[in-house]
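> how does the following fold in three dimensions:
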Amino acid sequence: MPSPYPRMSLVLTPEQHRLLTRLAELQGRSAASYVRGLLDLAWPNLVRLCRHLEDLQEMETEQDRHLQEAIARELEEADDELAEQLSLLDPLDLDDALDAERPPAAEARTDAPRPGRPRLVASTDQPPPCNTGVSSC
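Numbering: from 1, shown residues only. I've put the predicted structure just below:
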């Protein structure tokens, strides 16, 4: 008659198999019933171990949740601080200030050399001296 209980398949080393078989023979039992008897003896400890592992897993999940919430709060505070700092820069109108410091595009591109400076001419024969090793610009 088949057993109504679930079955489990185990892979044992040859030494484990020999020992369990011999212990079962000495007690007049099958190896499977001997292993089930060992589990019955260890059952209270296994139940406690399972509870402790479940509690530990729950604590880790709770810690992860708290950590994620803390990171989210810090990011939100950093975003608020950045927005506040950027709002202080708006009245300064930095783009206009930078444009005022740049020379107009027409003056920057004259063909006449500036006094005291040699005229720079692009050459296709050789790379500029600062870019030795570059074959083309």
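
> tell me the contacts of residue 21?
By Cβ atoms under 8 Å, 6 or more residues apart in numbering, the contact list for residue 21 reads residue 31. (Glycine included, C-beta is placed from N, CA and C.)

> so what does whichever helix in the chain runs longest touch, helix or strand wise?
Secondary structure of the chain per DSSP state H: the longest helix is helix 31-89. Applying 3 or more Cβ pairs under 8 Å, 6 or more residues apart in numbering; DSSP states H and E, one finds that helix 31-89 contacts helix 14-26.

> avg pLDDT for the longest helix of the chain?
The pLDDT scores in helix 31-89 average 93.

> quick check: angle from that helix to helix 14-26?
Using axes from the mean of the first three to the mean of the last three Cα atoms, to 10 degrees, one finds that helix 31-89 and helix 14-26 are set 140 degrees apart in direction.

> okay, now residue 39: neighbour count?
9 (other Cβ atoms under 10 Å).

> let me fix that: residue 79
Neighbours of residue 79 using other Cβ under 10 Å come to 10.

> and if you look at residue 18?
If you count neighbours by other Cβ under 10 Å, residue 18 ends up with 11.

> and the pLDDT at it?
96.

> for stretch 48-59, give me every contacting residue.
With Cβ under 8 Å, 6+ apart, stretch 48-59 has no contacts at all.

> cool, and stretch 27-39?
For stretch 27-39, the external contacting residues (Cβ under 8 Å, 6+ apart) are 10, 17, 20-21, 23-24, 46.

> what about 6 Å?
20-21, 23-24 (Cβ atoms under 6 Å, 6 or more residues apart in numbering).

> just the buried subset of these, written out for ChimeraX, thanks.
Listed next is the ChimeraX selection for buried residues among the contacts of stretch 27-39, using 16 or more other Cβ atoms under 10 Å:
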select :20,24
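
> show me which pair in the contacts of stretch 27-39 is furthest apart.
Farthest pair in these (Cβ to Cβ) is 21 and 23. Separation: 7.5 Å.

> no further queries at this time; thank you.
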